[in-house]
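1. Output the structure for:
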Amino acid sequence: MKINFSTLMDAFEFVSSGGMDEHEAYLDPENGRIYYQSAYSDAMDDIPEDIDDTALIALPHKNELNLGKQLVMDFTCQHMPDKAKKVQDIFRSRGAYACFKVLLERENKLQAWYDFETVSQQQALLTWCAENDIELTEAPACKDGHCTDATTGQEKINYVEFPATDIEAAKAFFTAAFGWSFTDYGPEYSAFSDAGLDGGFFKSDLASTTANGSALIVLYSKDIEQTQANIESAGGTVIKPLFAFPGGRRFHFADPNGNEYAVWSDIQP
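-> Model (predicted):
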């Protein structure tokens with residue numbers, strides 16, 4: 001089964017957000033699900049008893065991929081070679097990363113570091129996936145050991161979240177209607193991918209509609225009639241029938257939780 005790269009990246013960042021063995025994430029390659037565990041919380045995922053633990057793949061910590069101090073020194077040698085000795089001294093003491101970022105700000109290199117770190121992490125995770133025979137979807141384009149599109153999302157819309165009274169109903173609907181993939185983060189949040197823009201559903205009694213001033217998410221379709229049929233078959237409700245506008249045609253629909261969306265097409269019947 002192919003695994004969404006951004007989902008793996010989220011899991012990798014979770015594992016790397018603490019020290020070694022503080023946070024763990026395990027991939028089930030059969031269904032693409034990731035199980036999250038933490039030394040600091042009992043409200044994480046329990047691995048089902050009927051799953052063979054040996055079949056699960058543990059996501060690596062950044063230090064296991066040489067993305068800790070070694071990455072810092074690689075960046076320093078490339079972008080601030082005259083500061084190499086100072087950076088080495090910084091990393092001999094506690095709180096090294098905080099001090100390193102102060103230095104980066106002073107040298108006007110903080111954004112360059114973030115870009116370098118992102119590219120390096122993506123490349124390392126891609127290599128790790130290849131070594132573990134993990135097939136990916138929506139992986140960044142890389143060439144000659146460099147992910148050329150890793151930083152194109154700077155200050156662009158990156159993620160969207162919706163309320164849901166019934167998160168399981170939302171998951172079932174969007175999986176059936178559009179083939180979205182979901183990763184649960186506890187009982188009150190589920191993230192989705194394979195939707196063009198990643199996002200998530202959070203537990204709430206509210207609903208997102210244009211009537212209450214919410215932003216409208218608009219999906220594109222090459223066959224708008226078929227898309228409408230898929231939506232209705234999956235349990236969605238058309239709340240504004242198909243109509244023409246200067247750019248094409250569109251209709252609005254509500255998911256099982258009452259959130260409003262639209263679908264448009266520039267293809268005329």
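2. how near is residue 102 to residue 68?
-> Applying CB to CB, to the nearest Å, the value for residue 102 to residue 68 is 18 Å. The way it works is simple: take the backbone N, C-alpha and C, and place the C-beta from them, glycine included.
3. where along the stretch 101-250 of the chain do the strands fall?
-> Here the stretch 101-250 of the chain has its strands, by DSSP state E, counting those that start in this stretch, at 136-137, 142-143, 146-147, 160-164, 181-184, 189-193, 199-203, 217-220, 237-245, 248-254.
4. In terms of secondary structure, what does the first one contact?
-> Strand 136-137 makes packing contacts with strand 3-4, helix 5-16 when contacts are defined by 3 or more CB pairs under 8 Å, 6 or more residues apart in numbering; DSSP states H and E.
5. just to revisit the earlier point, so which of residue 102 and residue 68 has more stuff around it?
-> The neighbour comparison of residue 102 against residue 68 (other CB atoms under 10 Å) goes to residue 68, with 16 against 12.
6. ok, now which ones touch the closest residue to that one other than its chain neighbours?
-> In space, and not counting its chain neighbours, residue 68 is closest to residue 62: 5.8 Å by CB to CB, 6 or more residues apart in numbering. Residue 62 sits next to 12, 15, 16, 68, 71, 121 when contact means CB atoms under 8 Å, 6 or more residues apart in numbering.
7. Would you mind pulling the contact partners of stretch 5-25?
-> Residues outside stretch 5-25 that contact it (CB under 8 Å, 6+ apart) are 27, 32, 34-40, 58-63, 67, 121-122, 125-126, 129, 134, 136-140, 181, 183, 191, 193, 198.
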